[in-house]
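Structure of the sequence below:
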Amino acid sequence: MFDTRLSRRRGIAYVILVAISLLLIALSGSGSLADVRAGIGYALTPIQDALTGVTRGVSALVTTVGEIDQLREDNRGLEAENRALEAENRRLQGLVTTNASLSALLQIRSTLDYRTVAAEVIGRQISQSERVVTLSSGSDEGIGVGDVVLADGGALVGRVVEVGPNFSRVLLISDTRSTVIGMVEPSRATGNIQGQLGGALLMTQVPTTEEVKIDDEVVTAGIDLGDGIRSPFPKGLLVGRVVDVQSDAASVVQLALVDPAVALDKLEYVLVITDYEGGIPIGPDPSASPDEGGGSGPSGSPEASPSVSPGEVPIELPSPSLQPAP
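Numbers count the residues shown, from 1 in each chain. Modelled structure (predicted):
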């Protein structure tokens, strides 16, 4: 009984649906139905616009997230590229500086009447008692003990005191054991230039009858030491300029402070004169007797040599007072 009623209801519903379909087909071309469709469409437009806006917003958000990830990746790539360019720029700047230094040395070489060897400063030995630098060239390049060392502008640096096949060590003119006979331009006054650790050079034994002024240039005098001994330094090498003059009316001599012409603690490349012969040969140990191979020169001459240890460790020390002892 129940199944019969269910079948009957299904049949009636089917017939009604077919009738409605036929009615809609028949009325599809009528204006009334078109108006109904238009009204329904108008009523649903805000809903459609809202749904479209939400869809577009979600799509834009997804796109933005993807673009942010891409921008982050691009930014990381640009940062890495920027670091590489900065490193390359520093390297090129270093090459430019090196090239400028070497070019300046080559220009000086062309003005000298001596054979020279260019060398790089590879070590510094700075302590309370000495100022010594190590060069990258040695006896294999013709460098010998006693050779004179120059820097940019032909400025005097010092003398070689120890040599190996591929290295050499130089006693700087700022070392307290170094003495150079200097001459003031233009007065031609002469005096002994002695090293002072960390400061200006001290020029002593200058006659008070000679005029010495601040900013006067000081060069090597090239004066022979007597007994046929030639000056350890060629004449006319630039030592520095006068920065102070001190004299006493009761004294027959005056002294001057001389600023070195080159920053001796920042040397990178130098020229070594290999064919100038002058002064008493520098021995490996200034305390050794002549029988032990240590040459000793006249008092105040630069023939003394420091005992230099093979290992060198740069040490920075505060500069002592530049004023001479009373």
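
C-alpha from now on. contacts and neighbour counts both.
Noted.

Quick check on the closest residue to V253 other than its chain neighbours: phi, psi?
Closest residue to V253 apart from its sequence neighbours, by CA to CA, 6 or more residues apart in numbering: P207 at 4.3 Å. According to degrees, to the nearest 10, the main-chain angles of P207 amount to phi -60, psi 140.

do E162 as well
phi -150, psi 140.

just the one 10 residues further on next, same as before
Summarising the backbone geometry of L172 under the convention degrees, to the nearest 10, its torsions are phi -70, psi 160.

now F167
phi -160, psi 160.

just to revisit the earlier point, surely the residue nearest to V253 meets S187?
No - P207 is beyond contact range of S187, at 11.3 Å (criterion: CA atoms under 8 Å).

which one of those two has more residues nearby?
For the pair P207 and S187, the greater number of neighbours falls to P207 (17 against 13), based on other CA atoms under 10 Å.

From T4, how far off is the more buried one?
According to CA to CA, to the nearest Å, P207 and T4 sit 146 Å apart.

Same check on E162?
From E162 to T4 the distance is 126 Å (CA to CA).

Looking at those two, which one has more neighbours?
Neighbours per residue (other CA under 10 Å) separate E162 from T4, with E162 holding more: 26 against 8.

Tell me the pLDDT of that one.
Here the pLDDT value assigned to E162 is 95.

Can you tell me who the closest residue to it other than its chain neighbours pairs with across the strands?
With CA to CA, 6+ apart as the criterion, E162 has its nearest non-adjacent residue at 5.1 Å, and that residue is R169. Beta bridges link R169 to T134, E162 when assigned by DSSP bridges.

any idea how far R169 lies from E277?
18 Å.

between these two, which one's more packed in?
R169 (27 against 17).

where's that one relative to G191, distance?
26 Å.

how about the helices in the protein?
Using DSSP state H, the helices of the chain run over residues 2-27, 31-111.

which outside residues touch stretch 242-262?
Residues outside stretch 242-262 that contact it (CA atoms under 8 Å, 6 or more residues apart in numbering): 151-152, 155-157, 199-209, 212-218, 238-241, 322.

Filter those down to the buried ones.
For the contacts of stretch 242-262, a neighbour count by 16 or more other CA atoms under 10 Å gives the buried set as 151-152, 155-157, 199-204, 206-208, 212-213, 216-218, 238-241.

can you give me the strands in the stretch 151-300 of the chain?
For the stretch 151-300 of the chain, applying DSSP state E, counting those that start in this stretch gives strands covering 156-164, 167-172, 179-185, 190-194, 201-207, 217-220, 238-247, 253-260, 269-273.

In TSV: the ones you listed, plus distance to A87.
Formatted as TSV, the strands of the stretch 151-300 of the chain follow (distance: least, CA to CA, whole Å):
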stretch	distance to A87
strand 156-164	33
strand 167-172	30
strand 179-185	43
strand 190-194	43
strand 201-207	39
strand 217-220	41
strand 238-247	37
strand 253-260	34
strand 269-273	23
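
who wins for proximity to R56 among those?
strand 269-273 (68.8 Å; CA to CA).

Which other helices and strands does that closest one contact?
helix 31-111, strand 116-126, strand 148-150 (3 or more CA pairs under 8 Å, 6 or more residues apart in numbering; DSSP states H and E).

which parts of stretch 169-181 are buried?
169-181.

Span of it from start to end?
Termini of stretch 169-181 sit 22 Å apart (CA to CA).

Kindly report the same for stretch 146-155.
Start-to-end span of stretch 146-155 (CA to CA) is 17 Å.

who touches that stretch?
So stretch 146-155 is in contact with 101, 104-105, 108, 156-161, 170, 232-233, 237-240, 261-262, 267, 269-277, 281-282, going by CA under 8 Å, 6+ apart.

Got a quick PyMOL command for the buried subset of these?
A single PyMOL command selects the buried members of these (16+ other CA under 10 Å):
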select buried, resi 101+105+108+156+157+158+159+160+161+170+232+233+237+238+239+240+261+262+267+269+270+271+272+273+274+276+277+281+282
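
What distance do you get for V258 to V243?
Distance from V258 to V243, by CA to CA: 6 Å.

Looking at the two, which one has more neighbours?
V258 (26 against 16).

what residues are up against G191?
G191 neighbours (CA under 8 Å, 6+ apart): I181, G182, M183, M203, T204, Q205, V206.
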